[in-house]
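K.L.:
Here is my input, please return the structure:
(chains A and B)
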Amino acid sequence: MSDSNLITFSKRPPIHVGRVQTASMLDAVNVSQFGKELTNFVQEHDKVNLLLDFEGVNYLSSAVLSELLNAQERCEATGGGLRLCSVNPEIKKVFEISNLDKVFVLYDCDVRQGVKRYQKSLEIERDDETWGHATERL
Amino acid sequence: MGTRFFEIEIPSTLDHLGEAQQCALAALLENDWIESDQTFYAQLCLEEALVNAITHGNKSDKQRKVRLEMEADGDLCSIRVFDEGTGFSAENVDLPETDKLNGRGVCLIRYCMEDVTYNQEGKYLEMTMRRKGLGEGEPSGE
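P.N.:
Next up, the predicted model:
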């Protein structure tokens, strides 16, 4: 486990969990730090499947959306992904207003369930790929 | 003509953003413009408008000032954020494509507020809200 100021990362194979700290308010002042921590972690972990736990987050602005989009793009470029869980209703609304609820997977559950659902969806994706390859050979 | 109930001026740096935002929020609550459960949307609009004025309008030039005024007129409250930039047309800002990183601030304000315009002559963004009517819009994507 590695600690940083705004995000604490831990591994629950094959998922990495990034817990956004309770004390942090993702406002314009600390959003660049949030972005740096997120980008650094994604760059250091190839093909990372990252679940961000937003349980402690009660506010964010559009600047955070930009950082999340940037991180997701980097994850997907290496075959990984970025998803969020424990997102409160107001923050979820910000994603909806911005039309980004169609871009990010937002789990309406806590981090324990979020990890399970993320793991399950990766298993399904892997099975789909396996069946796809098998069908191609037929 | 409305009654001004709040005014603050800050240098164009994000270091002063929190102070302006919190003072303005307190004034909206004290003057009964928002309920306590509407502070999220009020904070969001104030931040988006102030950050736009600081970073886009004034290009983070500390010599330039950003002024925030709030005025009551009957059941309507006008929140004006003045900058010293070249201005833009708030009405013509569309929600960006989902793969674009920036440009969502004005769209978020438009959702929360009754009206949003940029006054080119006065160089200010004007957000109009109805008393306790913040955040009752529909998502832009619908």
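K.L.:
Could you give the secondary structure assignment for the most centrally placed residue in chain B?
P.N.:
The residue lying closest to the centre of chain B (Cα atoms, centre = their mean) is B:Ala49, at 3.7 Å. Assigned state for B:Ala49: helix (three-state reduction, DSSP: H, G, I helix; E, B strand; the rest coil).
K.L.:
how about the nearest residue to it, chain neighbours excluded?
P.N.:
B:Val81 (4.4 Å; Cβ to Cβ, 6 or more residues apart in numbering or on different chains). Every residue, glycine included, has its C-beta placed from N, CA and C.
K.L.:
returning to that earlier point: could you double-check that the residue nearest to the centre of chain B sits in contact with B:Leu125?
P.N.:
Yes: using Cβ atoms under 8 Å, B:Ala49 is in contact with B:Leu125, at 5.4 Å.
K.L.:
How much space separates A:Tyr59 from chain B?
P.N.:
Per Cβ to the nearest Cβ, to the nearest Å, A:Tyr59 is found 6 Å from chain B.
K.L.:
which phi and psi does that residue have?
P.N.:
Dihedral angles phi and psi of A:Tyr59 (degrees, to the nearest 10) take the values phi -160, psi 140.
K.L.:
Mind listing the shared neighbours of B:Ala49 and B:Leu125?
P.N.:
B:Val81 (Cβ atoms under 8 Å, 6 or more residues apart in numbering or on different chains).
K.L.:
Now do the same contact list for residue 48.
P.N.:
Using chain A. By Cβ under 8 Å, 6+ apart, A:Val48 lies in contact with A:16, A:41-42, A:75, A:78, A:80.
K.L.:
um, chain B though
P.N.:
Here B:Glu48 is in contact with A:61-62, B:105-106, B:108-109 (Cβ under 8 Å, 6+ apart).
K.L.:
Quick check: the two most widely separated of the residues you listed?
P.N.:
A:Ser61 and B:Val106 (12.3 Å; Cβ to Cβ).
K.L.:
what separates the closest residue to chain B within chain A from B:Asp99, distance-wise?
P.N.:
Of all residues in chain A, A:Asn99 sits closest to chain B, at 3.6 Å by Cβ to the nearest Cβ. For A:Asn99, the distance to B:Asp99 (Cβ to Cβ, to the nearest Å) stands at 11 Å.
K.L.:
next one: A:Lys92
P.N.:
From A:Lys92 to B:Asp99 the distance is 21 Å (Cβ to Cβ).
K.L.:
With neighbour numbers in mind, choose between the two.
P.N.:
Higher neighbour count among A:Lys92 and B:Asp99: A:Lys92, with 15 against 8, using other Cβ atoms under 10 Å in any protein chain shown.
K.L.:
quick one: secondary structure of that one?
P.N.:
helix.
K.L.:
got the contact list for it?
P.N.:
Neighbouring residues of A:Lys92 by Cβ under 8 Å, 6+ apart: A:101, A:106.
K.L.:
Near chain A, which residues of chain B are found?
P.N.:
B:14-15, B:17-18, B:21, B:40-41, B:43-44, B:47-48, B:50-51, B:95, B:98-99, B:101-102, B:104-105, B:107-108, B:111, B:135, B:137, B:139-141 (Cβ under 8 Å from any Cβ of the partner chain).
K.L.:
taking those residues one by one, which sit in helices?
P.N.:
Members of the residues of chain B next to chain A lying in helices (criterion: DSSP state H): B:17-18, B:21, B:40-41, B:43-44, B:47-48, B:50-51, B:105, B:107-108, B:111.
K.L.:
Remind me what the longest helix belonging to chain A packs against, helices and strands.
P.N.:
Taking DSSP H as the criterion, chain A has its longest helix at helix A:111-137. For helix A:111-137, the packing partners by 3 or more Cβ pairs under 8 Å, 6 or more residues apart in numbering or on different chains; DSSP states H and E come out as strand A:15-20, strand A:49-53, strand A:81-85, strand A:105-107.
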